[in-house]
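Enquirer: Okay, sequence plus prediction incoming.
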2 protein chains.
Amino acid sequence: MAEFELIAMIRERCAAQREVLLGIGDDCALLSLPPGQQLAVSCDTLNADVHFDAAHAAADIGYKAAAVNLSDLAAMGAEPAWCTLSLSMPSADRAWLSGLLDGFLELCAAHRVALVGGDTTRGPLSLCVTAMGWLPHGRALRRDAARVGDDLWVTGSLGDASAALALGEAAGRYLRGRLLRPTPRVDAGRALLRLAHAAIDLSDGLHGDLGHVLRASSAGADLQLGALPASQALIEAFPEREARWNHQLCGGDDYELAFTADPSQRRAVEEALQAVGVLATRIGSLRAEPGLRLMLPEGGSWEPAAGAWQHFGEAT
Amino acid sequence: MAEFELIAMIRERCAAQREVLLGIGDDCALLSLPPGQQLAVSCDTLNADVHFDAAHAAADIGYKAAAVNLSDLAAMGAEPAWCTLSLSMPSADRAWLSGLLDGFLELCAAHRVALVGGDTTRGPLSLCVTAMGWLPHGRALRRDAARVGDDLWVTGSLGDASAALALGEAAGRYLRGRLLRPTPRVDAGRALLRLAHAAIDLSDGLHGDLGHVLRASSAGADLQLGALPASQALIEAFPEREARWNHQLCGGDDYELAFTADPSQRRAVEEALQAVGVLATRIGSLRAEPGLRLMLPEGGSWEPAAGAWQHFGEAT
């Protein structure tokens, strides 16, 4: 199977879509940004044996590659529109590629995202996705826009993906699904555009990712450990609260959103996220003193066992 | 060296630039497309030991990664504006990364291109670049816009990179420079916006790349082998004309442009490219009958020894 056949196979599955003037098959894709909108761009790579297990179903790998990139758009409150997929494979395996596209395009279609370009190359298994979308000028949910006094919120439940990774084969279907097919909170991000101040997606874990928001916004936060939203499956798998907190705070791959909003917006936030079917939980508040303080339900503070996930954390 | 330090190192070297509302450091970059312009997007991956030799200078690898992506924008006639760089490295090597950025940002700066995002991950050495730019609505130099009767042109000289690859250590400085640091024909592409019909950049070799244009435009071409532009260095390295033609037709990595234009534009094309310091050579013309016919100077036609470069050409 030649490279051009691979590209033809991908192209066949990408029908003409909105605001795509020219899709796959030329030197560039040509796209039309609606007037008055900013372009939002994010890029994430997934490498075999680092970000995913090459033995996983190809469709799950494709789904996740789309999800982690749409999640970055969600965290800005952007509407996803287009993506490119650059795929390196050791050999040209038509069945595997077809499975990968099943998963990748399934999630793209759910968000009306058009695959407009990319390339296929020989090399160690790796997917690099660039996701593009738009949002009204000056409205983005930036990391540096949190304010002292804001409520601190998260969507969904935390720690499920991390628990699934820790449990391996012993993980149940629900936890495993949360690891393999995370849900990017695209609708939630858009619903928060006029309600939240700052937002970030939880790819590396709440503890580390929230740290980025606090440093960028020159603020600190008190986080109530007892308020951290946990799924029933996580509670069953890790009945001991500290083990659970470690997963919820330091486990990556959740792809929920953490965001801050003025306390006057509590009702509006809850209603807006309820309208898009996403649970919102208030887990703390921002203060002027820097740092993140993890508050125990019985009073006093606590520190997790592990630090935030870093790709080169083990290097010097 | 942690991932966040790597990102901080890259970020420090990317000053605020035009139309960048928010650069590296948030979930997405936020960019402002000038009114009336289309967005042009291209994405290319370079893998160690497939697209480049990992033993090459890091600065050369960075330069080439930028060049091959800007070349795709050039082939549409787009003005480059932004790029993302997704970098996989086996370990976090600060000196190597610094060298890579030297080369990458040198070429970006020359074209006022802002590095606005990307990521750094652990994995086999690989660079995935997405380049973005803009051009006036409906003006792009598309592959499917060639017309029967058009002149066929190429910029610069052909076959130098392929010759350098074939010669290895024996290649002279000039040929080696053409392989390691190709010049994307950005200014030429923009100068051709209102003059040319179709264009493509020669990444896989003239024979194969021109085939894409001809098929997309439902046309054929007569190409005059005697007109193919050759550098002095290529002629000296390969005095035998058929060996030279093989490099010029089937060698990849030239990153020159092939384009078609109406014969009434001959003078205008020459002047426009002269104004940006790029040699333009007329090498043939388009006809209705499909296929590419390679014409010998003495009459009759010829076929090259090798086919176009395909990344999975050896697979089945």
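Expert: Okay, I see it.

Enquirer: so after the helix or strand bottoming out on mean pLDDT in chain A, what's the next helix or strand?
Expert: Lowest by mean pLDDT, DSSP states H and E among the helices and strands of chain A is helix A:3-12, with a mean of 71. Using DSSP states H and E, the next helix or strand after helix A:3-12 towards the C-terminus is strand A:20-22.

Enquirer: strand partners of that next one, parallel vs antiparallel please.
Expert: Next to strand A:20-22 in the sheet, as set by DSSP bridges, lie strand A:29-31 (antiparallel).

Enquirer: Contacts for the strand it pairs with next, please.
Expert: A:19-23, A:81-82, A:84, A:116-117, A:132, B:38-42, B:76, B:140 (CB atoms under 8 Å, 6 or more residues apart in numbering or on different chains). From N, CA and C alone the C-beta is placed, and that goes for glycine too.

Enquirer: since we're on the closest residue in space to A:P35 that isn't next to it in sequence, how many residues are nearby?
Expert: Excluding the flanking residues, the one nearest A:P35 by CB to CB, 6 or more residues apart in numbering or on different chains is B:P35, at 7.2 Å. B:P35 sits with 8 neighbouring residues when counted by other CB atoms under 10 Å in any protein chain shown.

Enquirer: Next step: the contacts of strand A:29-31 restricted to strands.
Expert: Counting by DSSP state E, the contacts of strand A:29-31 place A:20-22, A:81-82, A:84, A:116-117, A:132, B:38-42 in strands.

Enquirer: A:L192: which of these is nearest?
Expert: Checking the ones in strands among the contacts of strand A:29-31 against A:L192 with CB to CB, the nearest one is A:A81 at 18.6 Å.

Enquirer: burial count for the closest one?
Expert: Residues lying near A:A81 (other CB under 10 Å) number 26.

Enquirer: can you list the residues of the stretch 151-300 of chain A near chain B?
Expert: With CB under 8 Å from any CB of the partner chain as the criterion, the stretch 151-300 of chain A comes near chain B at residues A:A199, A:I200, A:D201, A:A216.

Enquirer: Now, of those residues, which are buried?
Expert: Burial by neighbour count, 16 or more other CB atoms under 10 Å in any protein chain shown: within these this picks out A:A199, A:I200, A:D201, A:A216.

Enquirer: moving C-terminal of the helix or strand hosting the second one, what's the next helix or strand?
Expert: When you say that, I think you mean A:I200. Assigned by DSSP H and E, A:I200 belongs to strand A:196-201. Downstream of strand A:196-201, the next assigned helix or strand under DSSP H and E is helix A:206-216.

Enquirer: three-state assignment of A:G277?
Expert: Reduced to three states with DSSP: H, G, I helix; E, B strand; the rest coil, the structure at A:G277 is coil.

Enquirer: List the residues that contact it.
Expert: For A:G277, the contact set (CB under 8 Å, 6+ apart) comprises A:D187.

Enquirer: Next one, pLDDT for A:H311 please.
Expert: For A:H311, the model assigns a pLDDT of 44.

Enquirer: Ok, A:P304 next?
Expert: For A:P304, the model assigns a pLDDT of 88.

Enquirer: Would you check that it makes contact with A:G251?
Expert: No. A:P304 is beyond contact range of A:G251, at 10.0 Å (criterion: CB atoms under 8 Å).

Enquirer: neighbour-wise, which of the two wins?
Expert: The neighbour count for A:P304 versus A:G251, taken as other CB under 10 Å, is higher for A:G251 (27 against 18).

Enquirer: Look up how far chain B lies from the more buried one.
Expert: Look at A:G251 and chain B: by CB to the nearest CB, to the nearest Å, they are 17 Å apart.

Enquirer: How about A:H111?
Expert: For A:H111, the distance to chain B - CB to the nearest CB - is 15 Å.

Enquirer: Tabulate the ones in strands among the contacts of strand A:29-31 (TSV), appending pLDDT and distance to B:A233.
Expert: Shown next, in TSV, are the ones in strands among the contacts of strand A:29-31 (pLDDT from 0 to 100; distance: CB to CB, whole Å):
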residue	pLDDT	distance to B:A233
A:V20	82	42
A:L21	83	41
A:L22	83	37
A:A81	95	46
A:W82	95	42
A:T84	94	36
A:V116	92	39
A:G117	89	34
A:M132	96	41
B:Q38	94	38
B:L39	96	38
B:A40	96	33
B:V41	96	35
B:S42	95	29
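
Enquirer: quick check, nearest of those residues to B:L292?
Expert: A:L22 (23.7 Å).

Enquirer: helices or strands up against the least confident helix or strand of chain A?
Expert: helix A:94-110, strand A:114-122 (3 or more CB pairs under 8 Å, 6 or more residues apart in numbering or on different chains; DSSP states H and E).

Enquirer: and of these, who's closest to B:P263?
Expert: When those are compared by CB to CB, strand A:114-122 sits nearest B:P263, at 32.6 Å.
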